[in-house]
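J.: got a predicted structure plus its sequence, pasted below:
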Amino acid sequence: MTVGPPGTGTRDEDREDSDARVIARSRDEPEQFAVLFDRHADAVHRYAARRLGPEAAEDLMAETFVTAFQRRHTYDLARADARPWLFGIATNLVGRHRRAEARRFKALSRLPEPVEHEEPVADRAVARA
């Protein structure tokens, strides 16, 4: 166990602190939020990958922690474990991702079908000119 400057916790102490205490400290010292990321990033990533696939999971995991960081002042400190809160944020982001994807597919479905011509486009352009 290493000891840092007065007022800073060690890695072992960080593991012993509840998520609520880490979030409370991060309100005054934003860099403390990294402890929460270290604890839960893998679980949030797996959760997102199971729902959206590995391509979107990395972005969704990052967005989950950005949202959590921005909203850490609203966290209920009576709840020691932040994992349900993080999964709630991730669930909302998954829903938003799926709705946006559905809108994209719907917009793509309204595009006209490509028309196949017997002659190449370049030949038709020359003929029109």
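T.: Done, it's in.

J.: low-confidence regions, the protein specifically.
T.: 1-16, 115, 117-119 (pLDDT under 70).

J.: excluding its backbone neighbours, what's nearest F37?
T.: Nearest non-adjacent residue to F37, counting by Cβ to Cβ, 6 or more residues apart in numbering: F65, 5.5 Å away. Where you see a C-beta, it was placed from the backbone N, CA and C, and this is true even at glycine.

J.: ok, the one you found - how many residues close by?
T.: A total of 19 residues lie near F65 under the criterion other Cβ atoms under 10 Å.

J.: could you check how far the helix or strand containing it is from the centre of its chain?
T.: Element membership of F65, judged by DSSP states H and E, is helix 54-70. The gap between the average C-alpha position of helix 54-70 and the chain average comes to 1 Å, counting by Cα atoms, centre = their mean, to the nearest Å.

J.: sorry, back to before: doesn't R39 make contact with the residue nearest to F37?
T.: No. In this structure, F65 is not within contact of R39 by Cβ atoms under 8 Å, at 11.0 Å.

J.: quick one: the helices in this structure?
T.: Secondary structure of the chain (DSSP state H): helices located at 11-16, 19-28, 33-52, 54-70, 83-109, 121-128.

J.: so for L77, which of these sits nearest?
T.: For L77, the closest of these is helix 19-28, at 4.6 Å, according to Cβ to Cβ.

J.: now do the closest one: which elements does it pack against?
T.: Based on contacts counted as 3 or more Cβ pairs under 8 Å, 6 or more residues apart in numbering; DSSP states H and E, the elements that helix 19-28 packs against are helix 33-52.

J.: what's the angle from the helix it packs on to helix 19-28?
T.: Relative orientation of helix 33-52 versus helix 19-28 (axes from the mean of the first three to the mean of the last three Cα atoms, to 10 degrees): 120 degrees.

J.: any chance you could give me helix 33-52 in PDB, C-alpha atoms only?
T.: Listed next in PDB are the C-alpha coordinates belonging to helix 33-52 (Å, rounded to 0.1, in the frame of the first residue of the first chain):
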ATOM      1  CA  PHE A  33     -14.600  10.300 -10.600                       C
ATOM      2  CA  ALA A  34     -12.000   8.200 -12.300                       C
ATOM      3  CA  VAL A  35     -12.300   5.700  -9.400                       C
ATOM      4  CA  LEU A  36     -15.900   5.100 -10.400                       C
ATOM      5  CA  PHE A  37     -14.900   4.600 -14.100                       C
ATOM      6  CA  ASP A  38     -12.200   2.100 -13.000                       C
ATOM      7  CA  ARG A  39     -14.700   0.100 -11.000                       C
ATOM      8  CA  HIS A  40     -17.600   0.000 -13.400                       C
ATOM      9  CA  ALA A  41     -16.500   0.700 -17.000                       C
ATOM     10  CA  ASP A  42     -16.000  -3.000 -17.900                       C
ATOM     11  CA  ALA A  43     -19.500  -3.900 -16.600                       C
ATOM     12  CA  VAL A  44     -21.100  -1.000 -18.500                       C
ATOM     13  CA  HIS A  45     -19.200  -1.900 -21.600                       C
ATOM     14  CA  ARG A  46     -20.400  -5.500 -21.400                       C
ATOM     15  CA  TYR A  47     -24.000  -4.400 -20.800                       C
ATOM     16  CA  ALA A  48     -23.900  -2.100 -23.900                       C
ATOM     17  CA  ALA A  49     -22.200  -4.700 -26.100                       C
ATOM     18  CA  ARG A  50     -24.900  -7.300 -25.300                       C
ATOM     19  CA  ARG A  51     -27.600  -4.800 -26.400                       C
ATOM     20  CA  LEU A  52     -26.000  -3.000 -29.300                       C
END
